[in-house]
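Peer 1: Need a 3D model of the sequence below.
(3 chains, ligands or ions: 3)
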Amino acid sequence: MNPAIGVCYYPEHWPEDWWQTDARRMAELGIKVVRIGEFAWSRLEPQPGDLQLDWMIRAMDVLGQHGLKVIVGTPTATPPRWMIDKHPDMLAVDAQGRRKGFGSRRHYDFSHLGYREEAARITQILADALGNHAALAGWQTDNEYGCHGTTYSYSPAARDGFRLWLQQKYGSIDALNHAWGNVFWSMEYNHFDQIELPNLLVCEAAPAHELDFRRYSSDQVSAFNKVQYDILKAACPDLPVIHNFMSRYAEFDHFDVGQTLDIASWDSYPIGHLATSNEPDDIKRLYLRQGDPDNAAFHHDLYRSVGHGRWWIMEQQPGPVNWGQANPDPLPGMARLWAWEAFAHGAEVVSYFRWRQAPFAQEQMHAGLLRPDSEPAPGYHEAGQVARELAETAIGGVANKGRVALVYDYQSEWAWEIQPQAAGFRHGDHVRALYSAFRKHGIDVDVLPTSTASLAGYDIVAIPALLAWTDELRAAIGDFEGHVLIGPRTGSKDQNFAIPARLGPDLPQNQLDARVIRVDSLPAGVEVPVKGGGAARLWREKTEGGAEVIMEDVEGVPVLLSQGKLFYLTASGDRALIQRVADYLIAEADTPTLALPAGVRCRTRNHFRVYVNYSSGPQTLAPAPDEAGYVLGGPEMEAAGVTVAKLATAGRD
Amino acid sequence: MNPAIGVCYYPEHWPEDWWQTDARRMAELGIKVVRIGEFAWSRLEPQPGDLQLDWMIRAMDVLGQHGLKVIVGTPTATPPRWMIDKHPDMLAVDAQGRRKGFGSRRHYDFSHLGYREEAARITQILADALGNHAALAGWQTDNEYGCHGTTYSYSPAARDGFRLWLQQKYGSIDALNHAWGNVFWSMEYNHFDQIELPNLLVCEAAPAHELDFRRYSSDQVSAFNKVQYDILKAACPDLPVIHNFMSRYAEFDHFDVGQTLDIASWDSYPIGHLATSNEPDDIKRLYLRQGDPDNAAFHHDLYRSVGHGRWWIMEQQPGPVNWGQANPDPLPGMARLWAWEAFAHGAEVVSYFRWRQAPFAQEQMHAGLLRPDSEPAPGYHEAGQVARELAETAIGGVANKGRVALVYDYQSEWAWEIQPQAAGFRHGDHVRALYSAFRKHGIDVDVLPTSTASLAGYDIVAIPALLAWTDELRAAIGDFEGHVLIGPRTGSKDQNFAIPARLGPDLPQNQLDARVIRVDSLPAGVEVPVKGGGAARLWREKTEGGAEVIMEDVEGVPVLLSQGKLFYLTASGDRALIQRVADYLIAEADTPTLALPAGVRCRTRNHFRVYVNYSSGPQTLAPAPDEAGYVLGGPEMEAAGVTVAKLATAGRD
Amino acid sequence: MNPAIGVCYYPEHWPEDWWQTDARRMAELGIKVVRIGEFAWSRLEPQPGDLQLDWMIRAMDVLGQHGLKVIVGTPTATPPRWMIDKHPDMLAVDAQGRRKGFGSRRHYDFSHLGYREEAARITQILADALGNHAALAGWQTDNEYGCHGTTYSYSPAARDGFRLWLQQKYGSIDALNHAWGNVFWSMEYNHFDQIELPNLLVCEAAPAHELDFRRYSSDQVSAFNKVQYDILKAACPDLPVIHNFMSRYAEFDHFDVGQTLDIASWDSYPIGHLATSNEPDDIKRLYLRQGDPDNAAFHHDLYRSVGHGRWWIMEQQPGPVNWGQANPDPLPGMARLWAWEAFAHGAEVVSYFRWRQAPFAQEQMHAGLLRPDSEPAPGYHEAGQVARELAETAIGGVANKGRVALVYDYQSEWAWEIQPQAAGFRHGDHVRALYSAFRKHGIDVDVLPTSTASLAGYDIVAIPALLAWTDELRAAIGDFEGHVLIGPRTGSKDQNFAIPARLGPDLPQNQLDARVIRVDSLPAGVEVPVKGGGAARLWREKTEGGAEVIMEDVEGVPVLLSQGKLFYLTASGDRALIQRVADYLIAEADTPTLALPAGVRCRTRNHFRVYVNYSSGPQTLAPAPDEAGYVLGGPEMEAAGVTVAKLATAGRD
Ligand SMILES: [Zn+2]
Ligand SMILES: [Zn+2]
Ligand SMILES: [Zn+2]
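Peer 2: Ligands and ions are numbered 1, 2, ... in the order given. Alright, predicted model coming up:
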């Protein structure tokens, strides 16, 4: 499939006699793919067992008549009200012990097996009824797993499931007591049925207790998805199964869910994602109408990995949305830029959310490609432009393999939320900071899971703030011939959330002769400058061992150590320090770089390099030595501009 | 009744042999009205059915002997502890699902019909026992409806009442599903008994669901008041029924409750009201010991409208209170100034809270006119001065009709709390900002409900940030020959909280050829300057249509549009922009203005203009052309000073 | 017992074959005392009734073989999981009504009498089994009563206990209604069984209701301790019973608990205690790696009073801990300085927490004297240095009696939390501010309870912000010949939390002719300068009466009054004002002072004055006239330095 644009459409929201016109206008605009159905359960089954699928088939017929391909979403994120009468205990319970009721969405508990059967039932019904439809191009399972904090439930169903899961994991209660360190504070259990969920305690639970609960909860999301995946693949082996993930959402392991997906997709709302992030205020101000220049790209690369190379944008912001504290209008051109950036990172489809702004209900202030009065909104024209430009440039192919790889790990996100030691210490922040530092030099970056068995082909691999080594990653590092950056805190625990016997980073002395013997954690605002530039903040480690000192701070504490091609960073750095460390690695590894103007970023796909200008003013590109002219735009980029260069040689893969 | 001062008195708090002295001193001070009884239920009925009204009659006897008139409050805001044993489920439930227990006040659920009957019973008992007492001058129903967040309850009683109310409103569940837009997210109900209250959901409820719950809850307050009103009017048709409202409290529709009141009153605590407001810190600092110079006045004008022209201050701050985060001593003279300002706006009575500071219980740090040791506190002397000055100036008559009117709407307050789109966007803020802008020019302002059928007689009417048009208001605007200012966001929804088919402001093209096609909402701190001065903040609309552009911002986005005498403001303005817009309207409408010194405000009543000086230093008045000298004070005003000018001609009415 | 260092040790956390080495190394380091057992219940009784005390006896044997003395903690802060099956309702309920479950520590309700019996049972078992062990040197009851907010429970058990306690206190419900002022808001009860706990109300409870609930809750802690004390003293009359208190924790009356203790101890974590305090940000920054220079000292003096002269540090921070928002590494030398400071204030033992950092469970990031890999951490060497220096200097004796005394009162802490009147007004802040002001002059200070019957021997006694006079304190002041400073707010209430008939400070006119007739409370950031320097903030009183005015503010409001040697401060002062007032008193009383460099503090014990340098740079001492040279260090102090001077004459006692 060539790169294509799509749109999210809700035929059930509009009179049936509008469908033809809508479909015709979509096709005219250049849209190829339409997602439907993911919130329509109350129309598909208005009463228990009263199935009403005809309207959806008719909608698919109309879309198909205009050459549009349809993705059908299973409606399991919005069970109808009557479902709650059948399964009153399917509603999740929050950490404060409150059942969350019906009246919005995602009102179900991943641990509730009765609801999991209902989800299987409706999935089977859709597979049977729609699986052979000529317009059908794939499935979306559910919608935005975990949105609104729904991964975790503190219900009896979750408690019972957790106990069973622990029993299967540990076999004996003694093994669990030992793994969790329950001798501390007399927390030892006599049998599995005594274990409660780690909420509403007097003070914090044992970290291994917390971590296992998060692992368990993540596994329920995977299991929920697998039920649907298995049904859909059995019915339609050739159609892809997709899920639409989110930004900076880490409550379950997306790599795991990716095991039962053919394509990963995500919902990209760059402006709100920046506003709700922990980026500093100056960045939020600078990119108010553009979104963070590295955040969408990071997720493109992440979900490309989750999707085993195949990924989409399932929902692309087309204008102002409704769910931020404030919802600014994007800079003119951003709805085009965001799509182009996604294609540059290998997206197969970028699907705008949504076709027409709904005048009613929760999202009535969320822009669509059309206004509520069916007139074109600004995003309409930008989407059409992207469609035309895709056709003209024929970008095709796949995203090229990066020269740098970063390991991103959901368990490490959970671990440092459970035990930050310095408030604000987060795994993801360390990964994203390095991502930006490399990307500012125009370097393509890949994102890898901890199950990665080989790092071959990369110049540099960075593994910051990792909870604990996996066997695969240990082996991969051992075999790797490129440069590796680890730390701070990497390998500082074992899989049971305990300090390893040889202390962090828990590597053999011949690999890295350094042990973390002290952690100095700092409140926000306190920094220790590093000689030569940059500063340590939040986290400083004191180490012992014979590794070479590359950088040290003004107190003489080593900051960057090395042993051969293995580098260990002992501190959380500010932006300047992270950039210096990245630059040092780049120089050591002889990785080629580009000189990009402020706010400009790029990525290569196939024979093309796509430049995007996130800054709010014009910027001028310097032609890169590997480029052979431009196929879209040129060196003078307007705000929100896109330029596509042709590469002289094919990209890496 | 001539303007008079009053006081709140609790005979049950003091030995009976103090009553004579208290009453004598009240009368000597010039007090005419005494409110009693509103928290005395446990003394009126110490055990269920054991009625003890004699002491209250004796207290009224004593007060009457000194020529004092008595307002008796029904004690329904403080049901005694035994009532909870009779009706355990009369306690309200908060949005977090917690029953709020006995031990303070307002511990009842407006939806609980059993308690509503108990309230009727005690009201009937008081009416029967006291209705003929010679000293009785009127009734107060309950006390401060809604105080401490008590309008909303999330109890089974509220849920059942809400379902019934919805059934009566919508008739069929299909009609409700359509009105709320429940097809969105499969929120459709099969029958009314499935509907829950909009709390403890996974994410936000449908806005129409929320709005209907607020309408329902407001209706319960009205119904609760009506029960008492009907009993009291049946017993004593000639005595007024009053309720004491609060400041910036909008959880129920006060105009609706006003339908079953003869007089509106409110409880004015200017210093705490400023401290707990969202006014900027510099205003809070500047008026720390005075209160906001426009807030009390706004409420005077609001409640004059709620009371159909008749209104009182039932509780007037006399000194430091107890309920603020801090409780500063008012500037000497403020207890006099506040009373005079109320009289200027048409108050019939200003009643100080309270006679003697109670040395015990929750409000022991709340000043009275007397100290706990019965010596005069500063407010005592200021109250006496007001009484003397009222007699000397013989101000009489009623507040004059304003030249400017503002429409204030409780439903719009609810709507934008439910869906601000920019955090901090509030209906009331828009109304009050315009109120201040006009008032700074010495212009008398009236406040009108959306049920207003005619705007005749006003120079200018402003209707900012209105949820949806009422038929009355549409008609009134159509007939009106003066200048009208609407927007931003006015008419942007219909009564079902949906975007109207022709988009906001939802007026016919011949009235205003402008449609809002985009909303750009901004975080706090981001402003877009307007050419010529002022800035847009929080909210900017982009419009299309042929209306004339009067002002535009630096990006060329129109800010003020006009078509004939109808003006549309597209943005939330900072103070400077709002002042510019008001000034523009004033100039267009040729409305006369005064040049007032900083911190000085005025209002006309009958043949008088009352000036008050909220600033902390002296100010000098310029005599106005329509004045014929001063009857109190003169052009040199001290801090907290009051000057009353005589008008050459009678005021407008 | 000569001053000695100790350590906290958890034999149950380590293989038994490590115990010998551990004990040997402890002894070699100079450790004399080892605390064990306080969290070991699940190992002592793994199943109900299955007692396993042998391992503990073996551990004590090993420790004893190396000459170490053992303190055994009763394990009642961590009942095992099976206990919850026996007593499901022993779990406390928080103010939001939520039961707090098993899985951390302190999961019990002080009001639960069934658990109190279980605590007695295990205490008796330990007393029987270990009471005669040769190594046993004393007992610790439970651990950190109240930690994690566990003093208050809002459970049915607490409610029932509270009702009984009230019945015993008041005898009749009429007496209670009168004492609480329940006529206000019809809060009157008909019988004790109607009384609920003061949580989850509509607004605040009557202050006397709140205060009685706090008194009741405090009494339960005392009763809980007494059960264990009585058992332990009956079994081992000669062994001391100790409890380990905390910093700035005031939820129960420590003087009361001290009635059933032989020695008070506390757990000193200076860095986290500063970080979590309300000290200003500049102090937090300045002493980031040292802790507040006066906070530990204040608690040393407080707990010396609680312990009737005998006190220990049971847990001394040895390095970074785990429970702060950030956990900075202490300045090198602080683990030594803190210990020396404690000894200067009379500590018998300073026991480091803990021997070896645990690699598992909640406190795995908490440093020990050993690292998790059993290598010495920095604190190890500092502890050893202290042990050697103690031996060399032979400091011995007891802390000398101070020249200044401060009255500290837990009931006053509760009172102003219940009714601050200005947010942030706290009893403890007033006491600590004066403590620092006197201590900066090198003056030894004592801390006294309100039950103090004689103040003889002090130059100056200060009693700030006291809720209400006790008979003892009234009498003691009457008899005292030194200088007394009281106010602000001292004596402003009676024991029923009501304003006294003659108003605050409620002293006879011949003692102090001043009455507080008005309180002006101020928001944070508003200050009123005092003539001559300093400012009033938060709290200003206006007084009447004939006392002499010593200081007044720029508005002419008297700030410091005096009558003879009795001084009354009418305002909450900033640091400068508090220092001026202290200096004034010092001059009046002719109390000798020292000139100490910034960050340096001192205390005398026996024939010694110990100087400690909290500043982060070197400081130079001026020899004091009463000193005869140095026995440790000298006048040049490094950062974190300690200098011990020999006094020419013995100290005061
Ligand atoms: Zn979402
Ligand atoms: Zn109130
Ligand atoms: Zn603790």
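
Peer 1: partners of the closest residue to A:Val559 other than its chain neighbours in the sheet?
Peer 2: Using C-beta to C-beta, 6 or more residues apart in numbering or on different chains and skipping the chain neighbours, the partner closest in space to A:Val559 is A:Met551 (4.4 Å). In this view, the C-beta of every residue, glycine as well, is placed from N, C-alpha and C. Per DSSP bridges, the residues bridged to A:Met551 are A:Leu560.

Peer 1: which residues does A:Met551 contact?
Peer 2: Applying C-beta atoms under 8 Å, 6 or more residues apart in numbering or on different chains to A:Met551 gives the contacts A:Val530, A:Lys531, A:Gly532, A:Pro558, A:Val559, A:Leu560, A:Arg580, A:Val581, A:Tyr584.

Peer 1: cutoff 10 Å now
Peer 2: Residues near A:Met551 by C-beta atoms under 10 Å, 6 or more residues apart in numbering or on different chains: A:530-534, A:558-562, A:569-571, A:573, A:577, A:580-581, A:584.

Peer 1: Out of the residues you listed, which end up buried?
Peer 2: Taking 16 or more other C-beta atoms under 10 Å in any protein chain shown as the criterion, what is buried in the contacts of A:Met551 is A:530, A:534, A:558-562, A:569-571, A:573, A:577, A:580-581, A:584.

Peer 1: Quick check: the farthest pair among these?
Peer 2: Pairwise distances across those peak at 17.0 Å for A:Gly534 and A:Ser562 (criterion: C-beta to C-beta).

Peer 1: Looking at chain A, which helix is longest?
Peer 2: helix A:207-235 (DSSP state H).

Peer 1: Count the residues that sit near the closest residue to chain C within the stretch 1-150 of chain A.
Peer 2: The nearest approach of the stretch 1-150 of chain A to chain C comes at A:Gly97, 6.0 Å away (C-beta to the nearest C-beta). Residues within reach of A:Gly97, counting by other C-beta atoms under 10 Å in any protein chain shown, total 17.

Peer 1: again with A:Asn199
Peer 2: For A:Asn199, using other C-beta under 10 Å, the count is 20.

Peer 1: what's it in contact with, if anything?
Peer 2: With contacts defined as C-beta under 10 Å, 6+ apart, A:Asn199 is in contact with A:93-97, A:152, A:154, A:158, A:205, A:210, A:213, C:98, C:100-101, C:103.

Peer 1: repeat for A:Ala595
Peer 2: By C-beta under 10 Å, 6+ apart, the contact set of A:Ala595 is A:Lys440, A:His441, A:Gly442, A:Leu621, A:Ala622, A:Ala624.

Peer 1: pretty sure the third one contacts A:Pro625?
Peer 2: No. Counting by C-beta atoms under 10 Å, A:Gly442 sits too far from A:Pro625 to count as a contact (11.7 Å).

Peer 1: neighbour-wise, which of these two wins?
Peer 2: Counted by other C-beta under 10 Å, A:Gly442 and A:Pro625 do not tie: A:Gly442 has more neighbours, with 19 against 8.

Peer 1: Quick check: the more buried one vs A:Asp292, distance?
Peer 2: Using C-beta to C-beta, to the nearest Å, A:Gly442 is found at 18 Å from A:Asp292.

Peer 1: what do you get for A:Glu196?
Peer 2: Relative to A:Asp292, and taking C-beta to C-beta, A:Glu196 is found at 39 Å.

Peer 1: Who has more neighbours out of these two?
Peer 2: A:Asp292 (23 against 19).

Peer 1: where in chain A is pLDDT low?
Peer 2: Counting by pLDDT under 70, chain A shows low-confidence ranges at A:1, A:650-653.
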